[in-house]
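1. what follows is a predicted protein model with its sequence.
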Amino acid sequence: MATRISSDSLVQPSHHGQVLQDDTPIPLATTGPEHYLVAPSLPDEAIISVIGRFHVLSSNGTPTTTFQELFNCAPFNLSAWIPPHVEMLASRIGEDVEACTLEILRAHTLYPLLAIFNGLSFPANPSRATANNAANTPKRLSTETIRLCLECLREDMDVYGVRYIHRSHQIPGVEVCSKHASPLLYKCPHCECAFSRHCNLSLVPWRRCTCKKYVFESIPHAQEADPIALSYAQFSATLLQSAPHSTVSPRVLVESYRERARATGYSWGNDRVSHVRLKTEMEKFYGKAFLRRTDAAYREDRLSEWLKMLNDSSVTEPPLGRHLLFAHFLFRDATQFLSSIGSSSGNERTAGTERPAMKRRTSGIGTSRTSKPSIKQRIASLLRELTDRARDIPNCSIEDLWKSHYGMMKRLVSLDLEAVTLLRRKLQQLKPRPVGPARVPHKSEKDGERARSIRATAAALYASVGKPEKVTINRLAKDTGWNPTALSQYAFPETLQALEECAESNWHFYARRILWAKLAHKHAAISIARARSGVEYHRSLVLMDFFQDVDLSVSYDAETITRLLAEHGIQRDWPGPCPAREFPPAGRKYYTKS
């Protein structure tokens, strides 16, 4: 397969001995040990940059054409940490699809970091027959905005003859360039248009922005980088470039965390790690503002299990950014951290990604068995977990633990019945976990706008000259495009109040229907008008009698019914002309006549 390219020196470097002419074909498949989509392969280039350079070089009219040519599908989000359909791209580059897929994952995505912290392996699920499971990552390992460094763009042009997007700048939480200490840009400095576009390519390193200006021609602001943010960026970039090719075992990772935390003075009791002290010191080290920008759970005050990376069963669940924050806080040096996870437990790391693709499939990599902890270790782990859970229960007893954590108690007793005595002793010395103040949501900025929209919609419904339809809370919310059950009473008080005020009672609706029938069918018989109203027979009789003095000679327009209701003193919560009377139920339900 070959694609003709245009002579664009912004994308294709000219100092590699390649003649750039309008009819120069660029092969997608090579026979060497490395596979290129766009030559040459640039260090630390993100996959969205590789596809963007190919799009410009191939002179495709639209990004949709490029996606169809390379992935054989509609456009999708290429700024994800590991985009989908990587195996389709690999099939365009080389004959060995698995080898090419693994090479793309290692060289152009954040797969090396996810293999360390989130247990991502290649293939991700060997039990499936398809070969594309390496890119089937969980949705929580998704994406962030595209970020650029102006100094890197200029330096890349001088060194490689082409500008491109660095993947180390796309690591979650990285705000400054690890090389130049300059702030990263996520939007155009001229028009503030974001570089990322949903299901589209980011072409600003090579083409003009929507404001018709080149981003790389803007002058960077002289701003001193935060030393903590710079240290975090350098730690993350070094880790990305020097990460081991094999997937790190979750048990090795959590033991490295625990050993380092104990060594730095965050232990208490029976060699336990103090979560409270760690969280407090991390807030002092990074600052709450930096933590809010980097971690969504911290930003939303969901901190009950914020340090899940210290638990064996949930170490791979926290997002990549929180793992990087925690590892950087404990180790500060990427080389020391890599040495820790490399020497924590001999051969604990799975070496599946080092083997050839065919051998991987037959050996069942991804299901490697690690040595099981001893009974003593399992008892100690259960005691620690039960003691920690007991802190949330006031005056917790063994009986309370059996009620709330039956499974763990059952496992503990099955291992050693005498462990209950030790657990009871720990409960007597336990101090309850301090309870923080309840978090009350703030009022939303869109509350007033939504309330005005609700009232405008209600006014339009009540002013309709057609056959009246009942105005309910669900009808108002549906017409305005909002779900009333998802509106918080703290965040949207005015909106909820407007919904209640604008909704009408059943009798108010019956009254509007009867008035409409009388005015719209002036010359029809009373029985016909009553039937056209759609109101239940007995209720329609009462309302026809109630409105018998209505002047039918008046002109019927949008305000007629509203005016007549006001003249009779009928509000939207009207209980009817005879609230004490019981009417037979509408429909075919059986009732006894009296």
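-> Right, received. Where do you want to start?

2. quick check, Leu515 in contact with Ala566.
-> No: Leu515 lies out of contact with Ala566 (CB atoms under 8 Å); the separation is 11.8 Å. Glycine gets a C-beta too; all of them are placed from N, C-alpha and C.

3. those two: which has the busier surroundings?
-> Higher neighbour count among Leu515 and Ala566: Leu515, with 23 against 11, using other CB atoms under 10 Å.

4. let me see the contact set for the more buried one.
-> Shown in contact with Leu515 (CB atoms under 8 Å, 6 or more residues apart in numbering): Phe547, Val550, Thr560, Ile561, Leu564, Leu565.

5. can you check Glu559 too?
-> Ala463.

6. per-residue confidence for it?
-> Per-residue pLDDT puts Glu559 at 85.

7. measure it to Leu253 for me?
-> Shown here: Glu559 relative to Leu253, a distance of 71 Å by CB to CB, to the nearest Å.

8. over to Ala289?
-> Ala289 sits 28 Å away from Leu253, going by CB to CB.

9. neighbour count winner among those two?
-> It is Leu253, of Ala289 and Leu253, that has more neighbours when counted by other CB under 10 Å, with 25 against 8.

10. rewinding a little: among the contacts of Leu515, which lie within helices?
-> Thr560, Ile561, Leu564, Leu565 (DSSP state H).

11. among those residues, who's most crowded?
-> Each of the ones in helices among the contacts of Leu515 was scored for neighbours by other CB under 10 Å, and Ile561 scores highest at 23 neighbours.

12. just the closest of the ones in helices among the contacts of Leu515 to Gln571, please.
-> Leu565 (8.3 Å; CB to CB).

13. for the closest one, which non-adjacent residue is closest in space?
-> Ala511 (6.4 Å; CB to CB, 6 or more residues apart in numbering).

14. with Asp479 instead?
-> For Asp479, ignoring the flanking residues on the chain, the nearest one in space by CB to CB, 6+ apart is Thr457 at 5.0 Å.

15. quick one, phi psi at that neighbour?
-> For Thr457, the backbone dihedrals (degrees, to the nearest 10) come out as phi -70, psi -40.

16. so who does it touch?
-> Counting by CB under 8 Å, 6+ apart, Thr457 has contacts Leu476, Asp479, Thr480, Cys502.

17. for my notes, confirm the second one occurs in a helix.
-> It stands for Asp479. Yes: counting by DSSP: H, G, I helix; E, B strand; the rest coil, Asp479 falls inside a helix.

18. what's the local residue count around it?
-> 15.

19. please apply the same query to the last one.
-> A total of 22 residues lie near Cys502 under the criterion other CB under 10 Å.

20. distance check, it against Thr495.
-> Applying CB to CB to Cys502 and Thr495 gives a distance of 11 Å.

21. quick check: neighbours shared by the two?
-> The contact sets of Cys502 and Thr495 overlap at Ile454 (CB under 8 Å, 6+ apart).

22. that older thread, how about the contacts of Leu515, which pair is most distant?
-> Greatest spacing in the contacts of Leu515, by CB to CB: Phe547 and Thr560 (12.6 Å).

23. how about a markdown table for the contacts of Thr457, with pLDDT and distance to Leu185 added?
-> Shown next, in a markdown table, are the contacts of Thr457 (pLDDT from 0 to 100; distance: CB to CB, whole Å):
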| residue | pLDDT | distance to Leu185 |
| --- | --- | --- |
| Leu476 | 88 | 43 |
| Asp479 | 82 | 41 |
| Thr480 | 79 | 37 |
| Cys502 | 91 | 46 |
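
24. quick check, nearest of those to His166?
-> Nearest to His166 among the contacts of Thr457: Thr480, at 44.0 Å, using CB to CB.

25. got a list of what that closest one touches?
-> Arg450, Ser453, Ile454, Thr457.

26. element containing the third one, please.
-> Under the assignment given by DSSP states H and E, the secondary-structure element containing Ile454 is helix 447-462.

27. re the thing from before, top of the contacts of Thr480 by neighbour count?
-> Going by other CB under 10 Å, Ile454 tops these with 27 neighbours.

28. chain neighbours aside, what residue packs nearest to that one?
-> Leaving aside its sequence neighbours, Ile454 sits nearest to Ala498 (CB to CB, 6+ apart; 4.2 Å).

29. okay, Ala460: pLDDT?
-> Reading off the confidence values, Ala460 has pLDDT 89.

30. check the burial of it by counting its neighbours.
-> 11.

31. and for Asp388?
-> Asp388, neighbours per other CB under 10 Å, totals 14.

32. how much space between the closest residue in space to Ile393 that isn't next to it in sequence and Gln241?
-> Using CB to CB, 6+ apart and skipping the chain neighbours, the partner closest in space to Ile393 is Asp400 (5.3 Å). According to CB to CB, Asp400 and Gln241 sit 50 Å apart.

33. ok now the helix holding Ile454, how far from the chain's centre?
-> Centroid displacement of helix 447-462 relative to its chain, using CA atoms, centre = their mean, to the nearest Å, is 31 Å.

34. export stretch 207-222 to PDB, keeping only CA atoms.
-> Provided in PDB are the C-alpha atoms of stretch 207-222 (Å, rounded to 0.1, in the frame of the first residue of the first chain):
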ATOM      1  CA  ARG A 207      -0.800  24.000  10.200                       C
ATOM      2  CA  ARG A 208      -2.400  27.300  11.200                       C
ATOM      3  CA  CYS A 209      -4.900  27.500  14.000                       C
ATOM      4  CA  THR A 210      -8.500  28.600  13.400                       C
ATOM      5  CA  CYS A 211      -7.300  32.100  13.900                       C
ATOM      6  CA  LYS A 212      -5.000  31.700  10.900                       C
ATOM      7  CA  LYS A 213      -1.800  32.000  13.000                       C
ATOM      8  CA  TYR A 214       0.900  29.400  13.700                       C
ATOM      9  CA  VAL A 215       1.000  28.400  17.300                       C
ATOM     10  CA  PHE A 216       4.800  27.900  17.300                       C
ATOM     11  CA  GLU A 217       5.400  31.500  16.200                       C
ATOM     12  CA  SER A 218       3.900  32.900  19.400                       C
ATOM     13  CA  ILE A 219       6.300  34.300  22.000                       C
ATOM     14  CA  PRO A 220       6.300  32.200  25.300                       C
ATOM     15  CA  HIS A 221       5.700  34.000  28.500                       C
ATOM     16  CA  ALA A 222       8.600  34.300  30.900                       C
END
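
35. these two touch, right, Val97 and Glu87?
-> Yes: counting by CB under 8 Å, Val97 touches Glu87, with 5.9 Å between them.

36. measure Met282 to Leu89 for me?
-> The value you get for Met282 to Leu89, if CB to CB is used, is 39 Å.

37. the two - which one has more neighbours?
-> Leu89 (24 against 21).

38. let me see the confidence value for that one.
-> Per-residue confidence (pLDDT) for Leu89: 88.

39. mind listing what it touches?
-> Leu37, Leu70, Phe71, Ile104.

40. for those residues, which one is nearest Trp507?
-> Of all those, Phe71 has the smallest distance to Trp507: 60.4 Å, by CB to CB.

41. tell me the confidence at Ala451?
-> We have a pLDDT of 89 for Ala451.

42. what number of residues lie near it?
-> Around Ala451 there are 20 residues (other CB under 10 Å).

43. which ones are touching it?
-> Here Ala451 is in contact with Glu494, Thr495, Gln497, Ala498 (CB under 8 Å, 6+ apart).

44. nice, that's everything, thank you.
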